[in-house]
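1. need a structure here:
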Amino acid sequence: RVLVLFSLLFCIQLNGQENIADMLTAKGYGKNTRAIIVANEDYQSYSNGIYVENEDLAIFQAERFRQLLIKKIGVLPENIQFLPDALNTNIKLAITKLQRTLPQNANLIFYYRGKTYSNNETGDLFLVPVDVSDNETFFMFGMKDLCTRLNTINKTGITILIDALQGTKSFKTCMIDNGFAEGE
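-> As a prediction, this is how the structure comes out:
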């Protein structure tokens, strides 16, 4: 089963760090946890002349989440794959690498900070790698695909955290400071 947590960053101001740490600890995350952290910020470097707005502070906020995993949850630093400005291929390779090395009883966290795209017709949500412009949905990484890949790796404990505002920049707002809303 895959538990997907979508961040609705405009929710009531909560002590998000404690909220996320408490939630992950309660679900059994700790030393035996593996994590993939994707922080997509620099979209302009890959846009080939097409203006694509960057996502401010994505790497900074993802590093804060990485530190939360290490210091509050007890995840070992070597069990965290940190992918700043990840291409679609980088994300898929990280999942494949994890598939080869994940112990049988380990839990898995996938954290994404960057742009997202929501298809209004189908309701599908996509993660936008840095090498994809806003209108290239074919090359975006769909949540259905992500959930299928992660569920194939580990059926015991998977948490997906999407720390982004759909259709707009997140700026300084993040789930560590503002809490999160659980969703499908």
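
2. From residue 48, how far out is the residue nearest the centre of the chain?
-> Residue closest to the average C-alpha location in the chain (C-alpha atoms, centre = their mean): residue 112, at 1.8 Å. Using C-beta to C-beta, to the nearest Å, residue 112 is found at 23 Å from residue 48. All C-beta atoms are positioned from the backbone trio N, CA, C, and that covers glycine.

3. now swap in residue 106 and tell me
-> The value you get for residue 106 to residue 48, if C-beta to C-beta is used, is 39 Å.

4. ditto for residue 151
-> Remark: distance between residue 151 and residue 48 (C-beta to C-beta) = 34 Å.

5. Look at the two and report which has more neighbours.
-> residue 151 (13 against 8; other C-beta atoms under 10 Å).

6. does that one sit in a helix, a strand or a coil?
-> Secondary structure, DSSP: H, G, I helix; E, B strand; the rest coil: residue 151 is helix.

7. same thing with residue 97?
-> Using three-state DSSP, the structure places residue 97 in helix.

8. what's residue 84 sitting at in phi/psi?
-> Phi and psi for residue 84, reported as degrees, to the nearest 10, are phi -80, psi 140.

9. cool, and residue 118?
-> Main-chain torsions, residue 118, degrees, to the nearest 10: phi -120, psi 120.

10. Verify the stated contact: it with residue 126.
-> Yes. The pair residue 118 and residue 126 passes the contact test of C-beta atoms under 8 Å, sitting 7.4 Å apart.

11. more neighbours, those two?
-> A count of neighbours by other C-beta under 10 Å puts residue 126 above the other of residue 118 and residue 126, at 22 against 12.

12. and the more buried one, what pLDDT?
-> Looking at residue 126, its pLDDT stands at 90.

13. so residue 141 makes contact with residue 130?
-> No. Assessed by C-beta under 8 Å, residue 141 is found out of contact with residue 130, at 11.4 Å.
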